[in-house]
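Student: have a look at this fold, sequence not included:
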């Protein structure tokens, strides 16, 4: 892929999904995977798989498919998930605490290096992952000191926008927002919102049509 | 849409996204939305929007677009999110507690009607949403009594598969799995896994290419 080629967001999401399936294939002992197999596992059509993987140039072998390990490496490199990313979590309530413990983060090399809250009963306490909860007022200096590149908002909805401004001020350029409130930031800052009810919509559709 | 037309999963996901943007458009006072506008808001291409909405037949007006309220109603009806769904949450740790309180669930008419755990220190206690935490051994009868159609797994990964079997036994046909373990169920049961690190992949890709 040349640097000037921008992969659309929907394609990135599919690449993430392919990557997860490739990991499972490798775990199950597969060396090669056809676009048909990958398509079936990921519930997309084979032409889409070939088109998406076409961003990396021509390296699948016709009639044989893709090298399971090589393809993982390509995706990891292109999505920039082949290195550690330092993450700071703001709002250490139930959701923040759950994320700190969630094994998918370290498995994917997202390292929670700082936890923030504004509750004086929490500040100075230690999380179950042995991080000291910091005062939200220390966010700016902590972001710089620990090289935090991604901020995660797990506050109540009413606090989300304020936290977004604090992260912006500290020059955090990417925010994952778990709160139910939408936040507004300048275009220079990237935001992704987690709304797991979209997954529930898939279930309700299928339940109603089965 | 005829009953025999199956909407692919990726399309359902996009319909969910359109729906959320249509709500925001309605909130902002818009009556109509062009496929271009919707495409831009949802970061897909306009042809894709028109194709996706084509599942509902021809009701957009050329040169004017779609009626914001009518389109929401169509999507809600087709995804079967125009009614309440009863949800049971298994595993009332941090994540389960956070979900019980998350405002997106009731907003989308997903009603958490039961909470289960196997920890005797929790059973009989009340959640902050005033649900009594039930013994996991009561799952079978509770599912029937309360007409629970969707089970949510928020246990540690080691417990996820066992809970999946319990839900299956109780004839719950749809499972949302938040644990970091993959679960295996027969095809008659629908499973969606929540892996929020896919959203982080979008951020890391963009951070590395901006």
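Tutor: Arrived safely. Quick caveat: nothing in here was measured; it's all calculated off a predicted structure.
Student: please count neighbours and contacts with C-alpha atoms only from this point.
Tutor: Fine.
Student: the longest helix in chain A is where?
Tutor: Criterion DSSP state H: the longest helix present in chain A is helix A:9-27.
Student: for stretch A:44-58, what is the distance to the chain centroid?
Tutor: 22 Å (Cα atoms, centre = their mean, to the nearest Å).
Student: now that stretch: average pLDDT?
Tutor: Mean pLDDT, stretch A:44-58: 85.
Student: mind giving me the packing neighbours of the next helix or strand after the longest helix of chain A?
Tutor: Going down the chain from helix A:9-27, the next helix or strand is strand A:32-33, by DSSP states H and E. Contacts defined by 3 or more Cα pairs under 8 Å, 6 or more residues apart in numbering or on different chains; DSSP states H and E place strand A:32-33 against strand A:66-67.
Student: so what are the domain limits for chain A?
Tutor: A:9-77, A:85-193 (automatic domain parsing).
Student: hey, where'd the helices end up in chain A?
Tutor: Secondary structure of chain A by DSSP H: the helices cover A:9-27, A:35-42, A:46-53, A:68-78, A:94-101, A:104-107, A:139-146, A:157-169, A:197-208.
Student: could you export the ones you listed as a markdown table, including mean neighbour count?
Tutor: Converted to a markdown table, the helices of chain A look like this (neighbours: other Cα atoms under 10 Å in any protein chain shown):
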| stretch | mean neighbour count |
| --- | --- |
| helix A:9-27 | 18 |
| helix A:35-42 | 18 |
| helix A:46-53 | 17 |
| helix A:68-78 | 18 |
| helix A:94-101 | 21 |
| helix A:104-107 | 16 |
| helix A:139-146 | 16 |
| helix A:157-169 | 18 |
| helix A:197-208 | 20 |
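Student: to residue B:54, which of those lies closest?
Tutor: Of all the helices of chain A, it is helix A:197-208 that lies closest to residue B:54, at 17.0 Å by Cα to Cα.
Student: what separates the closest one from the chain centre, distance-wise?
Tutor: Distance, centroid of helix A:197-208 to centroid of chain: 22 Å (Cα atoms, centre = their mean).
Student: please apply the same query to stretch A:167-183.
Tutor: That offset, for stretch A:167-183, works out to 14 Å (Cα atoms, centre = their mean).
Student: for that stretch, buried residues please.
Tutor: For stretch A:167-183, burial by neighbour count (16 or more other Cα atoms under 10 Å in any protein chain shown) applies to A:167-168, A:170-181, A:183.
Student: tell me if that stretch is near chain B.
Tutor: Yes. Legend: contact between stretch A:167-183 and chain B by Cα under 8 Å from any Cα of the partner chain is shown at A:173-176, A:180.
Student: next: stretch A:95-110.
Tutor: Yes. Judged by Cα under 8 Å from any Cα, stretch A:95-110 and chain B are in contact via A:95, A:97-99, A:102-105, A:108.
Student: quick check: end-to-end length of that stretch?
Tutor: Using Cα to Cα, to the nearest Å, the end-to-end distance of stretch A:95-110 comes out at 17 Å.
Student: what lies in contact with that stretch?
Tutor: By Cα atoms under 8 Å, 6 or more residues apart in numbering or on different chains, the residues outside stretch A:95-110 that reach it are A:81-87, A:89-90, A:111-112, A:127-129, A:154-155, B:93-95, B:97-99, B:180, B:195, B:197.
Student: quick check on those: which are buried?
Tutor: Burial by neighbour count, 16+ other Cα under 10 Å: within the contacts of stretch A:95-110 this picks out A:81, A:85-87, A:89-90, A:111-112, A:154-155, B:93-95, B:97-99, B:180, B:195, B:197.
Student: please name the nearest non-neighbouring residue to the residue lying farthest from the centre of chain A.
Tutor: The C-alpha centroid of chain A is most remote from residue A:63, which lies 32.9 Å away (Cα atoms, centre = their mean). Nearest residue to residue A:63, sequence neighbours excluded (Cα to Cα, 6 or more residues apart in numbering or on different chains): residue A:34, at 7.7 Å.
Student: I'd say that neighbour and residue A:53 touch.
Tutor: No. With contact defined as Cα atoms under 8 Å, residue A:34 does not reach residue A:53; the gap is 11.8 Å.
Student: hey, which strand is longest across chain A?
Tutor: Longest strand in chain A, counting residues (DSSP state E): strand A:110-117.
Student: from the chain's centroid, how far away is that strand?
Tutor: 15 Å.
Student: in its sheet, what does it sit against?
Tutor: Take DSSP bridges as the rule and strand A:110-117 pairs in its sheet with strand A:85-90 (parallel), strand A:133-135 (parallel).
Student: so what touches the shortest one?
Tutor: The one in question is strand A:133-135. Outside strand A:133-135, the residues that touch it by Cα under 8 Å, 6+ apart are A:92, A:114-120, A:122-127.
Student: so who does the residue lying closest to residue A:204 once chain neighbours are set aside touch?
Tutor: Excluding its sequence neighbours, the residue lying closest to residue A:204 (Cα to Cα, 6+ apart) is residue B:80, at 5.8 Å. By Cα under 8 Å, 6+ apart, the contact list for residue B:80 reads A:201, A:204-205, A:208.
Student: what would those residues look like in TSV with pLDDT?
Tutor: Shown next, in TSV, are the contacts of residue B:80 (pLDDT from 0 to 100):
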residue	pLDDT
A:201	93
A:204	94
A:205	92
A:208	92
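Student: which residues outside stretch A:55-69 are in contact with it?
Tutor: If you take Cα under 8 Å, 6+ apart as the criterion, stretch A:55-69 is touched by A:1, A:7, A:22, A:25-26, A:30-35, A:74.
Student: now those residues in JSON lines, with pLDDT?
Tutor: As requested, the contacts of stretch A:55-69 are exported to JSON lines (pLDDT from 0 to 100):
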{"residue": "A:1", "pLDDT": "43"}
{"residue": "A:7", "pLDDT": "86"}
{"residue": "A:22", "pLDDT": "93"}
{"residue": "A:25", "pLDDT": "92"}
{"residue": "A:26", "pLDDT": "94"}
{"residue": "A:30", "pLDDT": "95"}
{"residue": "A:31", "pLDDT": "95"}
{"residue": "A:32", "pLDDT": "95"}
{"residue": "A:33", "pLDDT": "94"}
{"residue": "A:34", "pLDDT": "93"}
{"residue": "A:35", "pLDDT": "92"}
{"residue": "A:74", "pLDDT": "93"}
